[in-house]
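J.: Predicted model and sequence below, questions to follow.
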Amino acid sequence: MTEVRAGGSLHVMPLQEILEGVERRTKTGTLRVTRGQVEKRFFLLEGQVAFVTSNLPGERLGEYLASSGCLDLERMETLLAESRRRGAPFTGDLLGEKVFEKLELESALSRLAVLALAEALTWPDGEFELNTQVPAKVLSGPVQIRIGNALARALQWNQAEGIQGVR
C-alpha cells in the first residue's frame, strides 16, 4: 500500500481540528505531532485512537500504568520486554496474561490518551504529520477509543486546571 502523507503547522491547523476530521472521515493512520523536542504519536484505526505514545516521561503506556498504580514497575518491564522480544502488542500481552480485563485496559489507555491530548491541545505552535501507515502490532491491538470522547475529556481537564487551549 502506498503511504499518503499530509502535514503542516499546528498554528495553521490546530490538533483538535485535525482529530475531528480524522474521526469524521473514519481515517486510519498515524498522527505525529511535535513541538520542540516533544513528540507524540496517535495511532488511528477507522477514526478511533488505537494507541498513543510520547517521548515525555509518564506518557508511555508502561510508565503510565506503573505510575498510576495499575501495574508494578517490575512486572511492567518484564511484560514489555517479552512483548518486544516476540514483536507482539504490549496491550495484547496485558490482556493475555490477565493483568487487565479489556474494559480496564481501555479505560487506562483512554486516560493516557486524554493526558497526552490535554497537553498537546495547549500548544500554540508545533508541527504535525498524518500518514496512512499503522504498525502491524497496533493493527492487532485490542483497544479503540472514540476521538470525540477523548477530546472532550482533554478539554475538560484543561479547563479544570485553568489551562487555555489554542482555540
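T.: Yep, it's here.
J.: residues in contact with residue 99?
T.: By C-beta atoms under 8 Å, 6 or more residues apart in numbering, the contact set of residue 99 is 71, 75, 79, 93. Every residue, glycine included, has its C-beta placed from N, CA and C.
J.: residues contacting the second one?
T.: By C-beta under 8 Å, 6+ apart, the contact set of residue 75 is residue 99.
J.: Kindly recompute the last result at 6 Å.
T.: By C-beta atoms under 6 Å, 6 or more residues apart in numbering, the contact set of residue 75 is empty.
J.: Which pLDDT value belongs to it?
T.: Looking at residue 75, its pLDDT stands at 85.
J.: Quick check: what element follows the strand or helix carrying it along the chain?
T.: Residue 75 is located in helix 73-86, with elements delineated by DSSP states H and E. Counting by DSSP H and E, the element after helix 73-86 in chain order, helix or strand, is helix 90-96.
J.: Alpha carbons of that following helix, as CSV, please.
T.: Only the C-alpha atoms of helix 90-96 are listed here, as CSV (Å, rounded to 0.1, in the frame of the first residue of the first chain):
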residue,chain,number,x,y,z
PHE,A,90,2.1,-5.0,24.7
THR,A,91,-1.6,-4.4,25.2
GLY,A,92,-2.3,-7.9,23.9
ASP,A,93,0.1,-9.3,26.5
LEU,A,94,-1.5,-7.3,29.3
LEU,A,95,-4.8,-9.0,28.4
GLY,A,96,-3.4,-12.4,27.6
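J.: which helices and strands sit right next to that helix?
T.: Applying 3 or more C-beta pairs under 6 Å, 6 or more residues apart in numbering; DSSP states H and E, one finds that helix 90-96 makes contact with helix 73-86.
J.: Wasn't residue 107 part of a helix?
T.: Yes. Assigned with DSSP: H, G, I helix; E, B strand; the rest coil, residue 107 falls within a helix.
J.: check contacts around it.
T.: Neighbours of residue 107 in contact, by C-beta under 6 Å, 6+ apart: none.
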